[in-house]
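Trainee: quick one, structure for this:
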Amino acid sequence: MKLTILTREYCSLCHAMFDALQIWQQRYDFTIEKKEVDDFPQLVEKYDELVPVLLDENGVEICHWHLDENALVQYLDKNKPN
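Mentor: Numbering: from 1, shown residues only. So this is what the prediction gives:
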């Protein structure tokens, strides 16, 4: 399973969300792709003021601004490999 975090290099909230994901990554064994939102004009248009944004494999938003651990756990439990 792969999750994507839309970030900006200078964004302290982005760094905090990425760091918080590390604990959950160890428990649930998923990969994290960091994507610089400013490199993709269509993502800037959609998510500009919401960064950081955590997306699932299908590009569906799990949470933004801060890691919503409840939303993350619900998503991970629902999408566990069998």
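
Trainee: where in this structure is pLDDT low?
Mentor: Within the chain, the stretches with pLDDT under 70 are 82.

Trainee: for it, what spans make up the helices?
Mentor: Secondary structure of the chain (DSSP state H): helices at 12-28, 41-47, 69-78.

Trainee: summarise which helices and strands the last one is packed against.
Mentor: Identification of packing neighbours for helix 69-78 by 3 or more Cβ pairs under 8 Å, 6 or more residues apart in numbering; DSSP states H and E yields helix 12-28, strand 61-64. C-beta coordinates here come from the backbone N, C-alpha and C atoms, glycine included.

Trainee: out of these, the one nearest Lys35 is which?
Mentor: Nearest to Lys35 among the helices and strands packed on helix 69-78 is helix 12-28 (10.7 Å), distances taken as Cβ to Cβ.

Trainee: give me the most central residue, the chain.
Mentor: Geometric centre of the chain, nearest residue: Leu54, 2.2 Å, by Cα atoms, centre = their mean.

Trainee: residues near the closest residue in space to that residue that isn't next to it in sequence, how many?
Mentor: Nearest non-adjacent residue to Leu54, counting by Cβ to Cβ, 6 or more residues apart in numbering: Ile62, 4.5 Å away. Look at Ile62: counted by other Cβ atoms under 10 Å, it has 18 neighbours.
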